[in-house]
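# Coordinates only, no sequence provided:
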């Protein structure tokens with residue numbers, strides 16, 4: 001009997017190589033981006049901190065008609081520099097002594113740790129997100145239209161129960177633009193508040209906070 005040879009369908013070597021190449025391309029496209037965007041991470045962190053400060057102010061009305069400098073107790077975010085390291089704190093000056101103490105600091109809703117530090121060293125009960133220089137390489141913070149009247153004013157902004165932004169509330173001066181009084185001298189009402197964060201590693205980050213509404217966003221990213 002004669003045996004019949006049957007040809008079995010199969011890939012040629014060229015077709016197999018082509019399939020492997022296509023699979024490799026698809027796998028590369030589907031993998032998550034591994035490189036960190038440090039600038040965007042920093043901007044998102046800072047914006048979230050500002051908005052969280054505003055949220056605390058919205059749910060905790062500090063307005064008191066019978067207290068002359070009640071604005072000192074508004075919820076605020078404060079940027080401080082220790083040596084070459086910049087951090088931020090969120091809290092309220094309940095004692096009206098011109099400072100945020102640890103007992104007055106906000107708690108990170110995710111980590112349940114204090115949004116506070118007395119220096120650039122993180123304690124076990126302090127949020128890691130506040131260390132802007134160590135995390136992202138931020139080297140400077142500049143305020144425009146949201147700084148108090150005196151050169152010695154701490155770089156901080158505060159919010160009231162309507163979400164409006166205030167400046168220089170810890171300054172003892174009663175002049176316009178600085179000093180917490182009962183005449184709303186520290187209320188930002190002549191243009192938007194701008195905070196710029198500089199680094200030698202990436203382009204500046206600018207956070208814009210609109211007057212009246214207090215809406216905050218990253219410059220160039222209005223939907224952020």
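Happy to help now that I have it. Computed from a prediction, not measured in an experiment: that's the story for all the values here.
# Going by C-alpha atoms from here, please, whenever you check contacts or count neighbours.
Fine.
# What's the end-to-end length of stretch 147-165?
One end of stretch 147-165 to the other measures 11 Å (C-alpha to C-alpha, to the nearest Å).
# hmm, I was thinking of stretch 215-224
End-to-end distance of stretch 215-224 (C-alpha to C-alpha): 11 Å.
# ok, and for that stretch, which residues are buried?
Applying a neighbour-count criterion of 16 or more other C-alpha atoms under 10 Å, one finds 216, 217, 218, 219 buried in stretch 215-224.
# And for stretch 201-209?
Those would be 204, 205, 206, 207, 208, 209, for stretch 201-209 by 16+ other C-alpha under 10 Å.
# Among these, which ones are in strands?
Under the assignment DSSP state E, the buried residues of stretch 201-209 contribute 205, 206, 207, 208, 209 to strands.
# what sits opposite the first one in the beta ladder?
Going by DSSP bridges, residue 205 is paired in beta bridges with residue 197.
# Pretty sure it sits against residue 38.
No: in this structure residue 205 lies outside contact range of residue 38 using C-alpha atoms under 8 Å: 11.1 Å.
# give me the number of residues near residue 41?
13 (other C-alpha atoms under 10 Å).
# okay, it: pLDDT?
In this model, residue 41 is scored at 96, pLDDT.
# how about the residue most central in space within the chain, secondary structure?
In the chain, the centroid-proximal residue (C-alpha atoms, centre = their mean) is residue 46; its distance is 0.9 Å. Secondary structure state of residue 46, per DSSP: H, G, I helix; E, B strand; the rest coil, is helix.
# how close does it sit to residue 96?
From residue 46 to residue 96 the distance is 25 Å (C-alpha to C-alpha).
# ok so, going back, now tabulate the ones in strands among the buried residues of stretch 201-209 in JSON lines and tack on distance to residue 189.
Below are those laid out as JSON lines (distance: C-alpha to C-alpha, whole Å):
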{"residue": "205", "distance to residue 189": "23"}
{"residue": "206", "distance to residue 189": "19"}
{"residue": "207", "distance to residue 189": "17"}
{"residue": "208", "distance to residue 189": "14"}
{"residue": "209", "distance to residue 189": "11"}
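# Most widely separated two among the buried residues of stretch 215-224?
216 and 219 (9.3 Å; C-alpha to C-alpha).
# any residues in contact with both of those two?
By C-alpha atoms under 8 Å, 6 or more residues apart in numbering, residue 216 and residue 219 have these common neighbours: 207, 208.
# what's the helix or strand hosting residue 166 packed up against?
Applying DSSP states H and E as the criterion places residue 166 in strand 165-167. If you count contacts as 3 or more C-alpha pairs under 8 Å, 6 or more residues apart in numbering; DSSP states H and E, strand 165-167 packs onto strand 155-159.
# what's the strand it packs on in contact with?
Here strand 155-159 has contacts from 53-54, 57-58, 74-80, 143, 146-147, 165-169, using C-alpha under 8 Å, 6+ apart.
# Go again with 7 Å.
54, 57, 74-79, 146-147, 165-168 (C-alpha atoms under 7 Å, 6 or more residues apart in numbering).
# what sits against residue 188?
Per C-alpha under 7 Å, 6+ apart, neighbours of residue 188: 146, 165, 166, 167, 211.
# Report pLDDT for the third one.
If I follow you right, that is residue 166. For residue 166, pLDDT reads 90.
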